[in-house]
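> Provided below for reference: sequence and predicted model.
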Amino acid sequence: MLPLHIVFEALDQCQMSVAGLIMTLLTCPQYENHPFVVELVERCGEVFNAFLCHSAGQHKFAAHSFRMVENTYLQELCSLASDDNGQHFRASSASTKQLEEFSLQQMAQKIEEGAPKWWSLLGSLLDQNASGELGGEKDKEGGESELEGVFETFWDDVDEIDLEGMINELTGEWGLRPPVKDMRAKRRSAMGLMVRAYYTRERTGINETQKKTIISSIVMHGLNQKSNALQSLLGLFLQSAHAPYKVIDTLAHLGISVSTDTINRAIQSLSQESQNSLQRLGQSLLASYAYDNFDVDLKHDTPTVEKSNDSLKHLTSGLMFPLVHGVTLDDLKCSEDLWRKSALNPLVDEPHTPPKRAWWDLLERLQPERSTSSMNASCRNQFNSWMFLHDLCAYGPEYFHQFKSMIRSPEPVEQIPTVKTPIFAARAMDINNSTVSGNIQAVMELLEQGRVEDPAVTSEAAIGDLPDISKYVVLMHGDLGTGERLQAAQLRRSIESTSWNRLQHIIFIPGLFHLKMACADALWRCFIYPSTVRKDETSLMRDVAQLRPRETGIFATKPGFRRMHQLVGYAGICRRLDCWRVHACKQKGFSSLEAFAHSKPTLDDLKAMAEEITCTYVATSQFRRMRRRQEMERDLQFENALLLNKYFLLYEELSYAMNSGDIGRVEASVVSWVPILKAIGKHKYATQMTNFLYNVHFVYPPGLRHAIRYHVLVNPTGRPMKWRAVDWCVELNNLFTKVKNGGKNSNRSVERIILESPLVQVYRNLQGLVQRDFSHTHLTTSHAPPDMRQTFRKIQGRLELNSPHEISPGRKSRHQVEDLQDKGREMMEKAAQGDVLIENEGDGIEALEGGGLGDIIVELL
């Protein structure tokens, strides 16, 4: 026993208690460096443990300690929840910048820096230290640093995907599947990365960090209701994902989300901010517009006087995007000059009107037969040779796959510079634009959203703020029906006294996506629709029977654009491979492509053979002479196959040119399709595209010509082979507006659809942000590409037995396919000479009804 009585006696003599002694030592500055004080501070932990072990005072000491700790945590969290910390999200002034700048990782870093003791407590409760040790080991191996860039790129792709989770990436393969072996290798690599990422994520404590951040955010929100950054983000995410209101309100009561009222106020603010962005873009006059109709079925349980049983609503959506590629206001300042020589002008000055031209003038301008490289072939033959070579090296025997990466893409005729084009969704309009008056109203309201108004009725106070549109033109994109009604409106109003009332400033640009659908429909009408054309063993319908054996009836009546697009890709591959087989047999003496591969030909040998195949198995200018031969010398099925190869390659070239942004090749392809569309009965498409190209190349001044040609296609992602037609972007926006946005159940109304319509991009970005920060998986609903090897071999086996590419003199056909290009040229020549043509009902695309989900998705595949 220590002799403590001496100490006790000393304390009594000093009239001081033990507690008083300790407090004096710790509070008086003169004893700060005293050895007793230094030792006491160093051993304070042991002293605290002794208090906790004392039977009489442990409960009191523990309660006091807990109060001190609580105050410490409370001070840290109150500081974080204050307005100065930047965690307040005001719904009434919400902006996209707030959403885009949100980062769960940065929020976690702020919490850790501002409340280190609280953060450490959560780490202890969630066992963060144990997982942190494993994470440190993994980091030494370099796993996390290697995967960080991969995940950033992946989320960037997801953020930019079209149709939200339907397709992981815009592939740009224009409807053709990549080789199965390559796809399997990519899938194995991706699966390896996912497994590694999963274990890396578990070991580095990413999940624990998320949990600590969410717990801290809930507590901060409880201390200060205005500290709601995470709750607001999750609330808007739930709204964009169509979560039921009862779910949102439940999560709001739990402190994880904001209330539905707050979400609605935020949507109002974001919608208003979007309108301000549209006005800034529109007032610059360097903007292009696009619009289209969409229908929404809003069903009501009980019809009333206010809400009749007519539940189908006809609305109009719109898009705006800036004019880039060096376009200036001077390029658009040509409205008065165009009106002076316009055929709609009652006072047109005849000597200054442009000379009348025809389709063959476009042919000379847009299809130069000179070579773009050392190869002595036209641009079209170069592309066809490339297609034959690409298909052999991608889908042929294994030996040829080594050359795939060595094949250079076709040289562009005129490439649009690859620049990312931002696209802004306009507010949907409660307008039915199926009439001329409806189109006029839609155009006026769309321009009004860009704050472009009639200069004659603009108030004097606003004249300085609003641009004078009277001298400028505005580019307006749309489908065939939109163009017809706009042109009808301009014709009706041509007698008006002001340029605004005449719609003089509107320059219509037809959409290439709908043109592509018309081309697919033309192929269906030529090679499938006639019942007699399906009878031959070499007909395209035989390919359909093996590619889609249960859908032959659908193909015979109403296949749709998606089916025809895939058929052109798959059947075209098999038939071009059969051309290789036949040519290798005739010229080299090989019985099959496999035998040809065993001879190990070089890439130069294959290129030379591809040129020969292009000239032999694709209909050329010599085709008419072939059909003049004696009947016993002709092979009608071989002739049909030459035309099929020609038109399939024309379709592939148009698709490739659109996806690659080669505007020169696009225009050359369109000129080739015009007579085909004319011959098949699509007179309106042929006339519309001819007039459009004629105006662009022979009427419009150079600056306007440049602005139009370089904005027929847009690149929403800024990456090669990701170009899209403007009307396709409008159709995609329609799907988001009427399927994803606009409320749900009883909250789904025209007013709600219009309110949320400008937020399509905001919702998509928001969902990508949440998916990134919360490490979502299973982000795509697309299935793995089908393994087509067996199907392709089956089709090639059938073609080998009844090959359409092996000439058999005297072989008959149930149906002789017409040379639609020659027929179309003759029809246009007769029309130019004044002969009357009876236009049939082929202008519609009844068999290929477009704008649906599948038709838009197929552009991504």
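Received it, and whenever you're ready, just let me know what you need. Numbers count the residues shown, from 1 in each chain.

> Pro355: how many residues sit nearby?
When neighbours are defined as other CB atoms under 10 Å, Pro355 has 6 of them. For every residue, glycine as well, the C-beta is placed using N, CA and C.

> name the SS class of it, please.
coil (DSSP: H, G, I helix; E, B strand; the rest coil).

> who's in contact with it?
For Pro355, no residue meets the contact criterion (CB atoms under 8 Å, 6 or more residues apart in numbering).

> quick check: phi and psi on it?
Main-chain dihedrals, Pro355, degrees, to the nearest 10: phi -70, psi 150.

> and for the one 3 residues further on?
Torsion angles at Ala358 (phi, psi; degrees, to the nearest 10) stand at phi -130, psi -180.

> one more: Val296?
Phi and psi for Val296, reported as degrees, to the nearest 10, are phi -130, psi 130.

> then Pro559?
With angles defined as degrees, to the nearest 10, Pro559 sits at phi -70, psi -30.

> ditto for Phe424
Main-chain torsions, Phe424, degrees, to the nearest 10: phi -110, psi 130.

> dig out what it forms beta bridges with.
Taking DSSP bridges, one finds Met320 as the beta-bridge partners of Phe424.

> same question for the one 5 residues further on.
Assessed by DSSP bridges, Met429 has beta-bridge partners Thr316.

> tell me the contacts of it?
Leu315, Thr316, Ser317, Gly318, Gln441, Ala442, Glu445, Leu446, Ile754.

> ditto for Phe237
Leu766, Gln767, Val770 are the contacts of Phe237 under CB under 8 Å, 6+ apart.

> between these, which has the most around it?
Using other CB under 10 Å as the neighbour test, these are led by Leu766, with 24 neighbours.

> for Asn741, see how far away that one is.
Counting by CB to CB, to the nearest Å, the gap from Leu766 to Asn741 is 12 Å.

> cool, Asp83 as well?
32 Å.

> repeat that for Gln566.
Gln566 sits 29 Å away from Asn741, going by CB to CB.

> which one's more surrounded, these two?
A direct count of neighbours by other CB under 10 Å for Gln566 and Asn741 places Asn741 higher, at 25 against 18.

> quick one: Tyr763 and Lys740 touch, right?
Yes. Distance between Tyr763 and Lys740: 7.0 Å, which falls inside the contact criterion (CB atoms under 8 Å).

> and for those two, which residues touch both?
Ser240.

> the two: who's more crowded?
For Tyr763 versus Lys740, neighbours defined as other CB under 10 Å are more numerous around Tyr763 (22 against 17).

> does the more buried one belong to a helix, a strand or coil?
Criterion first, three-state DSSP; result for Tyr763: helix.

> so where do the strands sit in the stretch 651-800 of the chain?
Assigned strands in the stretch 651-800 of the chain, in chain order: 713-714, 724-725 (criterion: DSSP state E, counting those that start in this stretch).

> which strands or helices does the first one pack on?
Which is strand 713-714. Judged by 3 or more CB pairs under 8 Å, 6 or more residues apart in numbering; DSSP states H and E, strand 713-714 is in contact with strand 724-725, helix 726-735.

> redo that, cut-off 10 Å
When contacts are defined as 3 or more CB pairs under 10 Å, 6 or more residues apart in numbering; DSSP states H and E, strand 713-714 packs onto helix 636-660, strand 724-725, helix 726-735.

> looking at it, Arg562 is touching Ile554, isn't it?
No. With contacts counted by CB atoms under 10 Å, Arg562 stays clear of Ile554, the gap being 11.2 Å.

> with neighbour numbers in mind, choose between the two.
Neighbours per residue (other CB under 10 Å) separate Arg562 from Ile554, with Arg562 holding more: 21 against 13.

> what mean pLDDT does the helix or strand containing the more buried one have?
Using DSSP states H and E, the element containing Arg562 is helix 561-583. Averaged over helix 561-583, pLDDT sits at 95.

> can you check stretch 642-653 too?
97.

> so how far is that stretch off the chain centroid?
27 Å (CA atoms, centre = their mean, to the nearest Å).

> where in this protein is pLDDT low?
Flagging of the chain using pLDDT under 70 yields the residue ranges 1-2, 128-206, 300-310, 349-353, 367-377, 458-466, 743-746, 778-784, 834-861.

> which residues of it fall in strands?
Along the chain, counting by DSSP state E, strands occupy 287-297, 312-322, 424-425, 474-478, 506-510, 713-714, 724-725.

> and Arg634, its phi and psi?
Dihedral angles of Arg634 (phi, psi; degrees, to the nearest 10) stand at phi -90, psi 150.

> Pro809 versus that one, what's the distance?
As judged by CB to CB, Arg634 and Pro809 stand 7 Å apart.

> the residue lying closest to Ser813 once chain neighbours are set aside: how many residues sit nearby?
Leaving aside its chain neighbours, Ser813 sits nearest to Leu636 (3.7 Å; criterion: CB to CB, 6 or more residues apart in numbering). Counted with other CB under 10 Å, residues neighbouring Leu636 total 20.

> got it, and Ser813?
For Ser813, the count of nearby residues is 21 (other CB under 10 Å).

> tell me how far it lies from Arg534.
According to CB to CB, Ser813 stands 11 Å off from Arg534.

> ditto for Val712
To Arg534, Val712 is 36 Å away according to CB to CB.

> same check on Thr557?
12 Å.

> give me the common contacts of those two.
By CB atoms under 10 Å, 6 or more residues apart in numbering, Thr557 and Arg534 have these common neighbours: Ile528.

> contacting residues for Glu32?
By CB under 10 Å, 6+ apart, Glu32 lies in contact with Leu25, Leu26, Val38, Val41.

> how long is stretch 249-257 end to end?
One end of stretch 249-257 to the other measures 8 Å (CA to CA, to the nearest Å).

> who touches it?
Residues from elsewhere that reach stretch 249-257 (CB under 10 Å, 6+ apart): 214-215, 217-222, 225, 228, 230-239, 243-245, 247-248, 258-263.

> how many neighbouring residues does Asn802 have?
Residues near Asn802, counting by other CB under 10 Å, number 14.

> correct me, but it touches Asp543?
No. Judged on CB under 10 Å, Asn802 makes no contact with Asp543 at a distance of 11.7 Å.

> was I right about Ala94 contacting Phe102?
No. With contact defined as CB under 10 Å, Ala94 does not count as touching Phe102 (11.5 Å).

> neighbour count for the two, which is higher?
Ala94 (24 against 18).

> against Asp83, how distant is the more buried one?
Ala94 is 16 Å from Asp83, where distance means CB to CB.

> hang on, the earlier thing: ok, the contacts of Met429 vs Ser539, which is closest?
Using CB to CB, Ser317 is the member of those that sits closest to Ser539, with 40.9 Å.

> that closest one and Arg772: what is the separation?
28 Å.

> higher neighbour count, these two?
Ranked by neighbour count (other CB under 10 Å), Ser317 and Arg772 place Ser317 first, with 28 against 19.

> so who does the more buried one touch?
With contacts defined as CB under 10 Å, 6+ apart, Ser317 is in contact with 290-294, 425-429, 442, 446, 730-731, 733-738, 753-754, 757, 760.

> fine, thanks again, bye for now.
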